[in-house]
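1. Fold the following.
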Amino acid sequence: MHTRRVIVAIVVAWAAFAYRFSAPYFHNDHFEHLSMARQMLFGEWPMRDFIDPGRPLTVALSALAQWIAPNLLSEAILTIGALAIGAALTFWLASQAARSMVLGVGAAAMVIAILPRLYSYPKILAFPLMLWALWRYVDVSSVARLIALAATVVLAFLLRYDFGVYAGVASAAVVLVTPKPFAVRRGLLYAVIGIVLVAPYFAWLASIGRLGGTGSSGIGKTADMITGGDFARPVPRLDLSHGLVHIDPRVADVTVRWSSRTDAAAKRAAEAKYGLIEGVDRGGGTVAYGLTNASGRNIHDLVNDPLVDDTGGIDRGTLVIEAPWLDRVLRHVPATRIVWGPFFDADGAGVWLYYFIWAIPVLALIRLAWKAVRHARTIAAHASGFEDEARKVGGAALLGILMNMYLIRGSFDSRLSDVIVPAAIVGAWLTRDYIDWLQAHRSRLLQAVLLTAGAAVAIIVWASLTTMESTASVARLATAAFRVAPLKKAAAELSQRPLDFYAPAGENGVKRLTRYVHECLQPSDRLLFVAYEPQVFYYSERLFAGGMEYFHQGRFSSPQELAETVARLSRQQVPMVIVEQTRQKMFQEEYRPVFEYVQARYHQAATATFVDNRAWDILAENTRPIVSTRDGGLPCFR
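-> As a prediction, this is how the structure comes out:
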């Protein structure tokens, strides 16, 4: 049994890796830490040389990957590999809790199908790793396993400070009741071990004056991470605008990169002509669509339309939809595209999934409490293993509640995937418990009714999850591990020079701006960039100035942080400042010392749009001569 679980865990890990690697996507948030990682390769350190909001190990791991191979392939292997390990650990824990490898695979499928963003890999890796160490300690409460557990909590802390708090609280609650004779002593020892393990990092922070934290950075940031933001309270809704049951008109999912010549009216006309619906803006002129007409003629006309610069999800050589053959067949069978009204759109599905994710750990704790009362009336509680089961599942449920409380903020499409691991593991246990409860009933009719109700809940959960992300066809999940061509294609694309991958010649908008920064600044120059586009630094192969990677939402604007930013700027070679015009007021009011420094030492050399609807002010240093100009007067310093 153990050998089979190991084999299945390996298969799950590979399937998870292949599924994501075949179509990788890096959101611009990802480059918060990746651009910092590139900064590390030039001898700078988080907290000491630039502002890091509490993710030292996340930055360092990406720096190591970039040192090995300075392209997105190394970052993809790191992040997708971590997600794959997290999925395998989820399978391992869920199959143990549910005593079923089938339910374990189902839990892992939830983690894979919800499409965690690549930059969220620490959440998918650190928490199941901590639970695995915690459950091993429950099995054998040795000092060695206590040290291993503390090490996983410290790992979570270094990946992001607040992660260590959630992991530490959930694990400490279990340690304090395991084992009973000397649990309190073990709890104190656990705290001491954790302090000893993290002490070297704290000592380094103290040596650079960062132990107390400053504003939006440092250890002090942890409290802001935990208490900041509004608690999510979405309102469930039943979207019956398409009826109770609706046939999804989409037969394929594609992306279209529209030409810069395409205005809004022309794009709407083209969308109607080619059957493109439910567009989601991916940035840079690229929009993701559902395609309602996958005929050869329609695809041919779409690919060759002069308003379309590029397409994704279509093999442009054969003009065939890029999807597993089973997917292509099933998409043309209307019965496989039935959508229930309540889950027709992604927003509605996200709300339903939110409440499912909350209900699972709460129901688990209620069920454990009820079972504990029953076991207390017998003498077989310890012999049955219930106490250990309660500690394990209770610890996972407590972790799930803490993560739900503090990590679900703002948009559900990026947040619900962050908290899926505890819900998947505890959900597998609840499913097993429900099945056992059903089997205890003698009435076949009642069993059938309750089984149908349970199956309906499971289907609704899966429908909510997959509708929210428009993802996870069973065919693609099942065949991902065996599809070699998409893996080769992705590896070839990601191994390119990052600038050429992101901004090939002819691109507009931020991509064109990125190439301009690369071409017009020396490799030793730095850029002060008043915007939230952290990818610009990574792709342009230039360093950010003043220790400030972005100016956004008033972050890093405490008096001490601003003073340090100005001091760094005065020591660095910063020939150019680029300010997004819509952020001018914010820059002046919330970052005033930096604004005044720029006003005194720079002059406006040009205004640019880079052929899209965003305007940028290009400021040149007063004492640095402009060597040449590009794109109709933009200053160049090389």
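2. Helices of the stretch 401-550 of the chain, residue ranges please.
-> Using DSSP state H, counting those that start in this stretch, the helices of the stretch 401-550 of the chain run over residues 412-415, 420-440, 444-469, 474-479, 484-494, 498-502, 510-520, 535-540.
3. Could you tell me the least trusted of the ones you listed?
-> Mean pLDDT across those is lowest at helix 474-479; the value there is a mean of 65.
4. for stretch 608-627, what is the average pLDDT?
-> In this model, stretch 608-627 has a mean pLDDT of 92.
5. how long is that stretch from one end to the other?
-> 18 Å (Cα to Cα, to the nearest Å).
6. what's it in contact with?
-> Identification of contacts with stretch 608-627 by Cβ atoms under 8 Å, 6 or more residues apart in numbering yields 260, 285, 508-510, 512-513, 516, 531, 574-582, 584, 598, 601-607, 631, 634-638. All C-beta atoms are positioned from the backbone trio N, CA, C, and that covers glycine.
7. just to revisit the earlier point, of all the helices of the stretch 401-550 of the chain, which gets the most neighbours per residue?
-> Scoring the helices of the stretch 401-550 of the chain by mean neighbour count under mean count of other Cβ atoms under 10 Å gives helix 535-540 as the most buried, with a mean of 25.
8. Any of the contacts of stretch 608-627 buried? List them.
-> Using 16 or more other Cβ atoms under 10 Å as the burial test, those include 285, 508-510, 512-513, 516, 531, 574-580, 598, 601-602, 605-606, 634-637 as buried.
9. At which residues are the helices of the stretch 51-200 of the chain located?
-> Using DSSP H, counting those that start in this stretch, helices in the stretch 51-200 of the chain cover 56-68, 72-98, 101-113, 121-139, 143-159, 161-175, 183-207.
10. would you turn the helices of the stretch 401-550 of the chain into JSON lines with distance to residue 48?
-> Converted to JSON lines, the helices of the stretch 401-550 of the chain look like this (distance: least, Cβ to Cβ, whole Å):
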{"stretch": "helix 412-415", "distance to residue 48": "30"}
{"stretch": "helix 420-440", "distance to residue 48": "33"}
{"stretch": "helix 444-469", "distance to residue 48": "38"}
{"stretch": "helix 474-479", "distance to residue 48": "44"}
{"stretch": "helix 484-494", "distance to residue 48": "31"}
{"stretch": "helix 498-502", "distance to residue 48": "26"}
{"stretch": "helix 510-520", "distance to residue 48": "25"}
{"stretch": "helix 535-540", "distance to residue 48": "18"}
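11. looking at those helices, which is closest to residue 94?
-> helix 420-440 (3.7 Å; Cβ to Cβ).
12. Pull the distance from that closest one to the chain's centre.
-> Using Cα atoms, centre = their mean, to the nearest Å, the mean C-alpha position of helix 420-440 is found 26 Å from that of the whole chain.
13. next one: stretch 295-308
-> That offset, for stretch 295-308, works out to 33 Å (Cα atoms, centre = their mean).
14. Check what contacts it and list those residues.
-> Residues contacting stretch 295-308 (Cβ under 8 Å, 6+ apart): 256-259, 261-262, 266-267, 270, 273-275, 311, 314, 316, 319-321.
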